[in-house]
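Student: curious how this folds, go ahead:
(3 chains)
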Amino acid sequence: MKLPAINYASPSSMEEACDLLSTDEDSKIIAGGQSLLPVMAMRLAQPSVLIDLAKIPGLDAIEESGNYMRLGPMATHTSILSSPVISKNLPLMSAAGKYIAHRQIRNRGTLGGSLAHGDAAGEWPLVLLALDGLVEVQSVRGKRTIEADDLFVGPYMTSLAADEIITDVWIPFRPRAWGYGEFARRAGDYGLANIAVVLPTEDTGTSGARITVGGSVGKIQRVTAAEDVLNGSEVSPELAKQAAEAGASELSYISDMHGSAEFRRGLVQELLRRTIVEAGERI
Amino acid sequence: MDNPHFNSPPITRNMIGKRVPRSEDAKLLTGRGRYLNDIDVEGQLHACFVRSPAAHGRILKIDTSVASALPGVHLIWTSADIESQCAGMEAQFSADGCLPMTMPLLAKDVVRYVGEPVVLVVADSRAVAEDACDLIGLDLEDLEAVLDPRASIQGGPVANGERPDNVGIRGHASFGDVDEAFNNAAHVVSALYHPGRVAAAPMETRGCLADYDWAQDRLKLWVSAQMPHYVKLCLNLYLGFDESRCEVISPDTGGGFGQKAHVFPEEMLMPLASKHLRSPIKWVEDRRENLLAGSHAHEQFVTIEYAANADGRITGVRTHALVDGGAYHMPPQTMAVESWCTAAVTPTGVYDIPATEYVYEAAVTNKCPMGAYRGVGYMAGTLARECLMDDLGRKLNMSPFDIRRLNVVPEFPWTNPQGIVFDEGSWLETINVLEEMVDYPAFLKRQAEARKAGKYLGLGISVFVESSGESTGMLKAHGMHEIYHDTATVKMDSSGSVTVTSGLNSQGQGHETTLAQVAADVLGVSFESIVVDAGTSTKGAYGSGTVGSRAGVIASGCVNRAAYAIREKLVAVAANMLESSEDDIVLENGMASVAGAPESQVSIADVAMAIYWDESLWPVGFEPEMEFTKAWDTSRPMFSNGGHAMIVELDPATGFVNVEQVFSVEDCGVMINPTIVEGQIRGGVVQGIGLGLFEQLVYDKDGNLSTTSFLDYQTPTMDVSPPFEIRHLETPSKISASGVKGMGESGLIAAPAAVLNAVNDALAPFGSVLYELPATPEKMMRAMQGLVDLEGPEPWSKLWERAGVEPRESGSMETA
Amino acid sequence: MTSTSSSDRIEIDVEINGRRRAVVVNARDTLADHLRNDQKLTGTKLGCEQGVCGACTILMDGAAVRSCLTLAAQGDGRSIRTVEDLSEGSSLSPLQEAFKKHHALQCGFCTAGFLMSATELLESNPSPTRDEVVEALSGNFCRCTGYQTIVAAVLDASEQIGNANG
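Tutor: Numbering: from 1, shown residues only, chains lettered A, B, ... in the order given. As a prediction, this is how the structure comes out:
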C-alpha cells in the first residue's frame, strides 16, 4: 500500500500555489494530508503533483477580526482545539473538534483540508454550515467568497473549482445557543450520526435556527424541517422531539455495513432531539 | 504406550511462579526488535500480487505487456509459469469425512474468492511492484458466486469444482444413548448460533523474505510464522528443496493468533522466484491484503439441543456445526479446525452430560478460506453450549450460576461420553468463585434499580475447559493418527552459563522469559545465567508449532527433559567432587551441595568447568556431554479450565453496548509466570469482546469484501476495553513439567459467550434473545423492538439425515 | 526549502533524533518509509498504512503524528523523534520501565506507537487522569494486551516522572 508516483512542490506564496495548480489539471493541494494520503495509498486517487501549502506564511492564523473569527486553512485541528479565543467565541467549534479522529490526526489535519475534502462525516463542514461561515478562495482567476450554504454540494463535493484554494475561513461570532453531538462506537471513528445545532438567543440579531447533519446522510446539509418547527417557538423537550421527528423524516439516509438507513434514521432522530435540547438549555 | 519422552522429571520451584519481568522487553521497547520487514538483504527485490477482484470467475486473459515494460519490474508470473514446479498445496485433516482440496499458488483458469493471488510481480521496490500490478489487465468471465453456506452445503451452484457438492467435510458420531435422553426429556431446548466472520488481524501482517544462494544451493527463508519447521517441510513437499539445504528463520513476530499457523501460497512463491531471479525477494502484505486473503476465522452456524430432566439436569446434547469454509482448505489446518472441533470436542464442556451426538460440515463457498484464529472450534462450541445453558436456566427460572452448578462435573477423574478422560480440574469452584467475584445479589439489585432509570445492565457468564497443550495424547484421544514432534536443546558452557533453544517460537508470548524460569529451576542456576533462543531458526531444536495453547506446556516439558539430562551430569560429577552419594546432591542458587551438609558444596560453574576441562574429577565411566536435545510429549490429554463473567450496559437510545467490567477465573495449573498468564487472559478476552460486539468481515451480495481497512474492520480500541479482575485457581497437571497447563486461548474461547449472555440479560426486559454475534447497535435496536434476524435451527432429523445417517423412529425433534 | 517547480526527488533538511540531516527523498515516500528504509530506523512500524492503527506514530516538532500519513518531503525543516531516541543512555526511560513493569507489551509491534503517543501526552500533561490517557491513546491499536496494562503503565510513569522531578 504505497503511494503512486507523484511530484511534489512546496511553493512559498499563494500566488505560486495557484499558478502550479492551474498549470496541471491533475495536480492537487495537500494541506495536512490526513484524508488525501490514505486515499492515495489505496490508489483511489493519483494526482500528478502534490502542492504543499505548508511553506506559505500566515496560513495558520486564528484571530478575531471584527465580529468574525478568521482562521487560516492550515490551522490544525489541535491548534483550533487549544485556542482560547475559539473556546471563548466559538464553543461549538471546540465541542465538535474533539470528535475529530485521534490526537495524531488532529495534530496534522487542517481546517482548510477538511472543508475542501467535503466529507459528510467530517466535523468542520457541519460546524461551518451551522455557524453560517464563509470561505475565501483564490485562483489565478482571482479571489471570491463562498458562503457555507453554497459550499457543500454533495458527497465529497464542494463548489470549489479545481484551480481554487481556500485562503481564509470566516466564522461570525455572536451570542448563539448551540449543541453538538455525535454517535460513534469507538473514539475517533467516523460518526454513525453527527449533528450541529445553532439557535438564536435574544441578543443574536438573527431569527433562524441552523441545524446541520452529515454522517448518516452522506451529504452535509441543513435539516430545514427541524429548523421550521423550532423557528418562532420556545424550545422545550416536547418541541425538540417534534423537531427531531420532522427533521429525521425529511432526510434520506445511507446504508452500509455499519448500519442500515432505517437504523441511521433512528440515530439521527435521537441525536437531533438531544442536541436541540442541549442547545435549548443554553438559550 | 509409555515412551520415555512422556516423562516429566520433578522440579523444585524457585523461579517458576514468579512475576519475572520479561527479558524480551528492553529490545522491543527501544525499537531494537527485528521483525520481518525490518530485515533487509543486500540486493533484495520486492513482491506484490494482483489479486482477484471477483468472487468467482473464469480467467479469460491476463495482459502483462504494459507492466512488463515498466522500468524496475523484474518478474511477472501467472499460474502458467509455475504449475510445472508446484501444482498447489493439498490439505486434508484426518478427521472422519474431511475431503482433500488443493490450493493453487496462483489461481489457474478460475478465481474463487476476492483477494486470491493471480499474478506475482517482482520489482525494485514495493511501490514499483504496486505500480506494475495496477497496469496488469485481468479479463474475467463471471461465474456464479456461491456465498451462502447453508444453501451451498445442500448442493446447487458449485464454488470450487474440486468439491462438486460444495462439501469440504462431513462427518458424524454418537456416544451414549442420545435417543433415550431426548425421548425421556422433560425439557428440550435448542437454538442456532451464528458467530460472525472475523480476522485474527495481528498488528504485523504476514510476510516473508527468501534468499536463494545458487552457488551453495542453500535457501534462507525469513517468515512471520507460528510453524516455521512445518514451513521448511513444505519447501520440500511442495517445491522439492532438500530440507537440509533450507533454513527457515523466525524473526520477532508481531502477533499471530493462529493466522500465522498456516502455510501460504505467497510463502512458497518467494523461494521459487528467488531461485529463478537469483535475488533475495521480500513480500510484506499490506493491511488490505491481510483482511482480504490472510485467512478468515470463526464463522459458523451451530445448532445445539439439550435434553434435560424436570430438575434441569442435562441428559443429552446434540450439536451440528457448519463452517463457512471459503474456497479452499487453508493448509494445513483445513476447514476442520472449526466445525469438526466444535462438534467433536466442545459439546459437553464442564458438564456431566452422559450422551452426545454430533454432525460437522464445512461448506465450500467463494470467500477467503477459513483458517485458524485463537480458540479454533472451541469459541463457537463454547458460545453455543454456554448460551443455550442460559436459555435453559431462563426457562427453568434458575440463575446462570445455579443451572451450571446443577450440571457441572462433580468429581475427577471424569470420562466424557466419547471416552476422553479428564484427570483433574476446578470446574465447580470456578462457578462459585465467579459468583462471588461479581457479587451476584448486589448485581441483581443494581440491575433492578438501573432498569427503573431506563438503563439496561446485563451479566453474562461463560465457563470453559480448554485443551491444554495440543499433544499427541490429545490427538489420540480424538482418534487422530498424527503425532506431534517437539524438542529443546539445553547446553551448559564450561563457565556454567546456559543456552536453551526451543523449537517453539514466540509471537509475543514471552517464551524467552518463561523457558529461562523453567531451566533455571531444573538446573539450580540463576535466571540471569540463562539465554533462551525461542525457535528463531530451524537450525535449532524442532517444533510442531506455537498453536493450540501448547508452547508453555510442550516447550517447558522439552526444556525440563534436556536440562535434566545436564542436571544428571552435574550431579554425577558434584557427587564425585564432594564425595557424596548422587542421591544427596542438591542443585540450588548456583551451588551443588550435599543434603544435610550445606557446608559441603561446590559451585555449579566449577562442576561445569570440571566436566569440560578436568578429567580427574569425573566418576568412573563418565560421558562428558553438556548439550542435550530432548523431545517431550504427552500420552494423555490435559485440560485447563476457567470462566469469565462480564457486566455490560446497553444504551436503549443507540443500541450501543459497553462492557463495564470483566471478571476472569483461570486454572492453568502451576503458572510459570502469572503476569504473562494474565496478559494472555486480558488480550484474549478483549479479542472476544471484539468478536462479540465490534468485529465483522462483511461480504456484499456479489462476494466483494466490504471491510478491507481498520476503519471498517473494527477491532477494540482502548476506550472500549474494560478493566479486569482476575483470580487464579491451581489444579496442577500430573503429567507436565512442574504441573503447568496451557492457557493461551482461554480468553477468546469463552469471552464471546459471556458477551452474548450479558447482552441477552440486558435484553431480558424486552423479551428478546439474540443468537448471533457481533451484537451490533443495529441488531440490539431490532432486538429491543422484538425483531430477530436469524431464523431458528433446522430439525435434527434433517441435519442427521444430511450427514448420511438413516432417519430413526426414535428421537425427539421438538424444540422448546 | 520551498520550490515553485515540482519534482519527484525532493531535498530536505530534517533533524532526526537530534541529528540534522540533508537528504534527498522520493516525493512518493511517506515519512515512515523514509525513516525505515533510508534512515534504517526500523523501530517505527507500519500496521495499516491507512492512518488508523497508530503503530507508525512519531513526534514531529513535539507533536505525535502518523508517519504513514506524512510525506517524507513534509519533514523538511522539522524535528523528528522516534522510539530509538527514548531511552536514556543504555537504560530504559521511566515510561519504558513502566511498560516493562506492567507487562504493557506482548508482541511489541504496536509498542513504539504507544510510547510516542504517551510521550507527547506526558510532555504536555505530566499528570493525566485515566480518561485523559485513554483519550490520548485511543488512536493506537494493540491486539495482544487488552490495553489495561498500557493505561496502568502510563499512569505509573507519570507518577515516577513526577516524583523524580520532585
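Student: what sits against the residue of chain C found nearest chain B?
Tutor: Across chain C, the shortest distance to chain B (Cβ to the nearest Cβ) belongs to C:Gly43, at 1.9 Å. The C-beta positions use only the backbone N, C-alpha and C, and glycine is treated the same way. Neighbour list for C:Gly43: B:Thr30, B:Gly31, B:Arg32, B:Gly33, C:Thr82, C:Val83, C:Glu84, C:Ala112 [criterion: Cβ atoms under 8 Å, 6 or more residues apart in numbering or on different chains].
Student: and the nearest residue to the fourth one once chain neighbours are set aside, how far from B:Val263?
Tutor: On the basis of Cβ to Cβ, 6 or more residues apart in numbering or on different chains, the spatially nearest residue to B:Gly33 that is not a chain neighbour turns out to be B:Asp252, at 4.3 Å. Counting by Cβ to Cβ, to the nearest Å, the gap between B:Asp252 and B:Val263 amounts to 20 Å.
Student: one step back: farthest pair in the contacts of C:Gly43?
Tutor: Greatest spacing in the contacts of C:Gly43, by Cβ to Cβ: B:Gly33 and C:Thr82 (13.4 Å).
Student: nearest spatial neighbour of the residue minimising distance to the centre of chain A, skipping sequence neighbours?
Tutor: When Cα atoms, centre = their mean is applied to chain A, the residue found nearest the centroid is A:Pro125 (1.5 Å). Once flanking residues are discounted, A:Pro125 sits nearest to A:Ile220: 4.5 Å by Cβ to Cβ, 6+ apart.
Student: now do the phi/psi pair for residue 15.
Tutor: Let's take chain A. Backbone torsions of A:Glu15, given as degrees, to the nearest 10, read phi -60, psi -40.
Student: hmm, I had chain C in mind actually
Tutor: C:Glu15 adopts backbone torsions of phi -100, psi 120, taken as degrees, to the nearest 10.
Student: wait, a helix at the residue of chain C closest to chain B?
Tutor: No - C:Gly43 is assigned coil when assessed by DSSP: H, G, I helix; E, B strand; the rest coil, not a helix.
Student: who's in contact with the closest residue to it other than its chain neighbours?
Tutor: Counting by Cβ to Cβ, 6+ apart, C:Gly43 lies nearest to B:Gly31, which is 1.9 Å off, once chain neighbours are set aside. The contact partners of B:Gly31, taken as Cβ under 8 Å, 6+ apart, are C:Leu41, C:Thr42, C:Gly43, C:Thr44, C:Thr82, C:Val83, C:Glu84, C:Ala112.
Student: can you pull the buried residues of the lengthiest helix in chain B?
Tutor: What stands out as the longest helix in chain B, according to DSSP state H, is helix B:551-578. Residues of helix B:551-578 classed as buried by neighbour count (16 or more other Cβ atoms under 10 Å in any protein chain shown): B:551-567, B:569-578.
Student: got it, and stretch B:452-466?
Tutor: B:Tyr456, B:Leu457, B:Gly458, B:Leu459, B:Gly460, B:Ile461, B:Ser462, B:Val463, B:Phe464, B:Val465, B:Glu466.
Student: can you show me the CA trace of that stretch as CSV?
Tutor: Provided in CSV are the C-alpha atoms of stretch B:452-466 (Å, rounded to 0.1, in the frame of the first residue of the first chain):
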residue,chain,number,x,y,z
LYS,B,452,-36.2,1.7,36.7
ALA,B,453,-34.0,4.5,35.5
GLY,B,454,-34.1,3.3,31.9
LYS,B,455,-30.7,1.8,31.9
TYR,B,456,-30.1,-1.8,31.0
LEU,B,457,-27.4,-3.8,32.6
GLY,B,458,-26.6,-7.4,31.8
LEU,B,459,-24.5,-10.0,33.4
GLY,B,460,-23.1,-12.9,31.4
ILE,B,461,-21.0,-15.8,32.4
SER,B,462,-19.2,-18.5,30.5
VAL,B,463,-17.2,-21.4,31.8
PHE,B,464,-14.9,-23.5,29.8
VAL,B,465,-12.5,-26.4,29.7
GLU,B,466,-9.6,-25.9,27.3
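Student: do it and chain A meet?
Tutor: No - Stretch B:452-466 stays clear of chain A (Cβ under 8 Å from any Cβ of the partner chain), getting no nearer than 13.2 Å.
Student: what's the mean pLDDT across that stretch?
Tutor: Mean per-residue pLDDT for stretch B:452-466: 97.
Student: return the subset of the contacts of C:Gly43 lying in helices.
Tutor: Among the contacts of C:Gly43, the members falling in helices (DSSP H) are C:Ala112.
Student: now pLDDT too, for the contacts of C:Gly43, in JSON lines please.
Tutor: Putting those into JSON lines (pLDDT from 0 to 100) gives the following:
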{"residue": "B:Thr30", "pLDDT": "98"}
{"residue": "B:Gly31", "pLDDT": "97"}
{"residue": "B:Arg32", "pLDDT": "97"}
{"residue": "B:Gly33", "pLDDT": "98"}
{"residue": "C:Thr82", "pLDDT": "98"}
{"residue": "C:Val83", "pLDDT": "98"}
{"residue": "C:Glu84", "pLDDT": "97"}
{"residue": "C:Ala112", "pLDDT": "98"}
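Student: which one of the contacts of C:Gly43 is nearest chain A?
Tutor: C:Ala112 (12.9 Å).
Student: residue contacts, C:Thr145?
Tutor: So C:Thr145 contacts B:Gly679, B:Arg682, B:Gly683, B:Val686, C:His103, C:Ala104, C:Leu105, C:Gln106 (Cβ under 8 Å, 6+ apart).
Student: mind redoing it with 7 Å?
Tutor: If a contact means Cβ atoms under 7 Å, 6 or more residues apart in numbering or on different chains, then C:Thr145 has B:Gly679, B:Arg682, B:Gly683, C:Ala104, C:Leu105, C:Gln106 as its contacts.
Student: so which of the residues you listed are in helices?
Tutor: Using DSSP H, the contacts of C:Thr145 in helices are B:Gly679, B:Arg682, B:Gly683.
Student: quickly list what A:Arg210 is bridged to.
Tutor: A:Arg210 has the following beta-bridge partners by DSSP bridges: A:Val198.
Student: I figured it hits A:Leu128, correct?
Tutor: No - using Cβ atoms under 7 Å, A:Arg210 makes no contact with A:Leu128, being 10.7 Å away.
Student: out of the two, which sits in the more crowded spot?
Tutor: Higher neighbour count among A:Arg210 and A:Leu128: A:Leu128, with 29 against 22, using other Cβ atoms under 10 Å in any protein chain shown.
Student: from the contact counts, what lies against the helix or strand hosting the more buried one?
Tutor: Following DSSP states H and E, one finds A:Leu128 within helix A:123-130. Under the contact criterion of 3 or more Cβ pairs under 7 Å, 6 or more residues apart in numbering or on different chains; DSSP states H and E, helix A:123-130 touches helix A:91-97, helix A:111-117, helix A:148-151, strand A:193-200, strand A:210-213.
Student: report the angle between it and strand A:193-200.
Tutor: 30 degrees (axes from the mean of the first three to the mean of the last three Cα atoms, to 10 degrees).
Student: ok, residues contacting helix A:123-130?
Tutor: A:92-93, A:96-97, A:99-100, A:111, A:114-115, A:118, A:148-149, A:152, A:171, A:194, A:196-198, A:210, A:212, A:214, A:220, A:222.
Student: what parts of the stretch 51-200 of chain A come near chain C?
Tutor: Taking Cβ under 7 Å from any Cβ of the partner chain as the criterion, the stretch 51-200 of chain A approaches chain C at residues A:Asp52, A:Ala54, A:Lys55, A:His102, A:Arg103, A:Gln104, A:Ile105, A:Asn107, A:Arg108, A:Ala187, A:Gly188.
Student: the fourth one against C:Gly139, yeah?
Tutor: Looking back up the chat, that one is A:His102. Yes - counting by Cβ under 7 Å, A:His102 does reach C:Gly139; the two are 2.5 Å apart.
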